[in-house]
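K.L.:
sequence? don't have it. structure:
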């Protein structure tokens with residue numbers, strides 16, 4: 001899946017606003033589109049990126065009726 005906006009989460013929130021994204025500690029988050037975050041079981045990542053191959057949740061044709 002091509003990623004055009006790595007600093008914007010699949011849900012639409014800006015990673016740059018998160019304190020864990022802006023820290024230099026070992027537990028720094030690289031954003032939900034990073035390889036480490038893609039490996040976890042986030043419902044947004046699983047549905048949008050893994051199942052449907054889209055970068056953002058709102059690109060889904062079912063977004064208006066989605067429970068997430």
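P.N.:
Ah, there it is. Here the structure is a predicted model, which means the values were calculated and not measured.

K.L.:
and residue 22, how many neighbours?
P.N.:
11 (other C-beta atoms under 10 Å). Where C-beta positions appear, they are placed from N, C-alpha and C, glycine not excepted.

K.L.:
what does residue 49 give?
P.N.:
Residue 49, neighbours per other C-beta under 10 Å, totals 21.

K.L.:
which residues sit in contact with it?
P.N.:
Residues near residue 49 by C-beta atoms under 8 Å, 6 or more residues apart in numbering: 1, 10, 33, 38, 55.

K.L.:
Can you check my assumption that it lies in a helix?
P.N.:
Yes: remark: residue 49 belongs to a helix, assigned using DSSP: H, G, I helix; E, B strand; the rest coil.

K.L.:
what's the pLDDT at it?
P.N.:
Predicted confidence (pLDDT) for residue 49: 88.

K.L.:
Could you report the distance from residue 43 to residue 22?
P.N.:
25 Å (C-beta to C-beta, to the nearest Å).

K.L.:
Could you identify the helix or strand that succeeds the lowest-mean-pLDDT helix or strand in the chain?
P.N.:
Lowest by mean pLDDT, DSSP states H and E among the helices and strands of the chain is helix 35-38, with a mean of 82. Going down the chain from helix 35-38, the next helix or strand is helix 43-44, by DSSP states H and E.

K.L.:
how far does that next one sit from the chain's center?
P.N.:
On the basis of C-alpha atoms, centre = their mean, to the nearest Å, helix 43-44 sits 8 Å off its chain's mean C-alpha point.
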